[in-house]
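> Sharing a sequence plus its predicted fold:
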Amino acid sequence: MKYRKDKMLKIGVLIVITGLYFLIPAVKINVNQAIFILQNVDVDLARGYILGFGMWAPVVSFLLMILQSIAAPLPAFIITFANAGLFGWVKGALLSWTSSMAGAALCFYIAKFYGRDAVIKLTGKYALDSVDDFFDRYGKYTILIARLLPFISFDIVSYAAGLTSMSFFSFFIATGIGQLPATIIYSYIGSMLTGTTKTIVVGLLMLFAISTLIFLFKKVWNDKKQSRDTTGLENVN
């Protein structure tokens, strides 16, 4: 009985979302426009789109971040850069961080609610398998590491975490901590971003990613070494 109710609820949610998209022209137009802008990976285009909503610009930016979270792997840093340019790097960072956290939470619960087959349809099997390998390799550090590395999809990691036994609290805390430094750095850079500085951005981001990776690998290595030493001592005793 519970299985049947869950199934009907899942179908009902999909029908409502599909209905909103196809039956309300404004929803369909704005969703299509937002996806087009994110696919173009153009900061100026994203900035102009958000700014076009006037006083509702922060709300639209928040919803845009939610949309890019669900429709993996659309790039989130475009919105972060645009927010920094529109609202200043501090307010922009706060908006980007809170909206990305909301998007991550939504992805986590979509995966919990609809399961692996639905996540594969949203992200692709190869992408999800790659993140699964990442979880197998780094265990409890996966979320933190993935959030600090710009070349690992934020959204696919959120979906993958929802398919594990990880608690939402652990996932949310690790996401918040891991996402914060990257958001601050991207926002600060985004506030200065012009045509001539774009080439520098890639180098800075890679430097940040490599430094972070070295630190975390060292941390994981030390923890594993400590665990092996502890096991060895127990075996000797």
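That came through, no problem.
> elements contacting the helix or strand harbouring G48?
Using DSSP states H and E, G48 maps to helix 43-51. The contact analysis (3 or more Cβ pairs under 8 Å, 6 or more residues apart in numbering; DSSP states H and E) places helix 43-51 against helix 25-40, helix 57-70, helix 77-87. All C-beta atoms are positioned from the backbone trio N, CA, C, and that covers glycine.
> Please identify the most buried of those helices.
Among those, helix 77-87 has the highest mean neighbour count (mean count of other Cβ atoms under 10 Å), at a mean of 25.
> what helices or strands is the next helix or strand after it leaning on?
Sequence order places helix 89-114 as the next helix or strand after helix 77-87, per DSSP H and E. Where contact means 3+ Cβ pairs under 8 Å, 6+ apart, helix 89-114 is packed against helix 57-70, helix 77-87, helix 116-123, helix 154-162, helix 168-192.
> Turn those helices into CSV, including mean pLDDT.
Converted to CSV, those look like this (pLDDT from 0 to 100):
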stretch, mean pLDDT
helix 57-70, 89
helix 77-87, 85
helix 116-123, 82
helix 154-162, 84
helix 168-192, 81
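> which residues touch L23?
For L23, the contact set (Cβ atoms under 8 Å, 6 or more residues apart in numbering) is empty.
> ok, it to I17 distance?
Distance of L23 to I17, computed by Cβ to Cβ, to the nearest Å: 11 Å.
> Quick check, I50 in contact with V60.
Yes - here I50 reaches V60: they are 5.5 Å apart, a contact under Cβ atoms under 8 Å.
> Excluding residues flanking it in the chain, which one is nearest the spatially most central residue of the chain?
Centroid-nearest residue in the chain: F154, 3.0 Å away (criterion: Cα atoms, centre = their mean). Among residues not flanking F154 along the chain, A76 sits closest, at 5.7 Å (Cβ to Cβ, 6 or more residues apart in numbering).
> so which of the helices and strands packed on helix 89-114 gets nearest T98?
For the helices and strands packed on helix 89-114, the distance to T98 is smallest for helix 57-70, at 7.6 Å, taking Cβ to Cβ.
> Please enumerate residues in contact with that closest one?
Here helix 57-70 makes contact (Cβ under 8 Å, 6+ apart) with 31, 34-35, 38, 46, 49-51, 53, 74-76, 79, 82-83, 86-87, 95-96, 98-100, 102-104, 106-107, 110, 122, 154-155, 158.
> now that helix, how far from the chain's geometric center?
With Cα atoms, centre = their mean, to the nearest Å as the basis, helix 57-70 stands 12 Å off its chain's centre.
> Tell me which of the helices and strands packed on helix 43-51 lies nearest to K5.
Of all the helices and strands packed on helix 43-51, helix 57-70 sits nearest to K5, with 24.3 Å by Cβ to Cβ.
> quick one, the closest one and helix 89-114 angle?
Here helix 57-70 runs at an angle of 40 degrees relative to helix 89-114 (axes from the mean of the first three to the mean of the last three Cα atoms, to 10 degrees).
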